Structure formats: C-alpha cells, structure tokens
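Chemist: could you look at this predicted model? Sequence included:
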Amino acid sequence: QVHLVESGGGLVQAGGSLRLSCVVSGRTLSSYAMGWFRRAPEQEREFVAAISWSGESTYTKDSVKGRFTISRDNAKNTVYLQMNSLKPEDTAVYYCAASRNYYGDRDGQYGYWGQGTQVTVSS
C-alpha cells in the first residue's frame, strides 16, 4: 500500500514562493511516476505538473510554466513542487498523486493520492 503525505502549503502574498513536498511511503518512489494536481474552490481538479519515474522528463501546465518546477529525490522518497511568483489564482488545495505505469496529465490514471495541502495567495 502506497501512502502519500503532502506538506508545505500556507498563506503567502502574491509574488511570493512556496515549496510543496510529498513524502511517499510503503513502496520505492522510483516505481512511480508522480503528479501534482490542484482544486480551487468550486472548480474541477486540474493538472499542474508531472515527473517521470527517474525524473528525466517533466511536464508542466502552460499557465504555471516558468513559475512552478516539479522535481523528485528518489533517495528521500520525496517529490517537490517549487512555486514562485505566486498569483491569487494559484489558490487551491494541492494534491500529489502516484502512478506505476502512467506519466502525464490525466488524473484518472493515477491510482494513489495524498490528502492535499492548502495554498492561499493573497493579493
């Protein structure tokens, strides 16, 4: 059983930065491609970024490209989302997700999810 726990969310002013972490336990992180998703109030969950099993490939949503960076440290069983130049529209609950055999932006392909961490960006 894979267990994912996000942390690092909080309240930040527009233009600020946060780094989210997702610690994976129960299985070796390198067995999974990882993704970050978010859900804003009254919105559908949406893709933010994904990273391949080894970390060689990443894929980022256009609206956050250049501001958000996904990375992973398989030795620490941790995936990160560095978020810079935050905007009020980035306010959402952020979730990390794991998939054994899929790397991409479709949330239905991820089988394991964390509980989420709240990010609030004030204007």
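Modeler: Received the coordinates, thanks.

Chemist: can you pull up the most central residue in the protein?
Modeler: In the chain, the centroid-proximal residue (Cα atoms, centre = their mean) is W36; its distance is 2.5 Å.

Chemist: ok, and the closest non-adjacent residue to it?
Modeler: Once flanking residues are discounted, W36 sits nearest to V48: 4.3 Å by Cβ to Cβ, 6 or more residues apart in numbering. All C-beta spots, glycine's among them, are computed from the backbone N, C-alpha and C.

Chemist: same deal with D73?
Modeler: Y80 (7.6 Å).

Chemist: what's the strand or helix carrying that neighbour in contact with?
Modeler: Using DSSP states H and E, Y80 maps to strand 78-83. For strand 78-83, the external contacting residues (Cβ atoms under 8 Å, 6 or more residues apart in numbering) are 17-24, 29, 34, 36, 48-49, 51, 64, 67-73, 90, 94, 96, 119.
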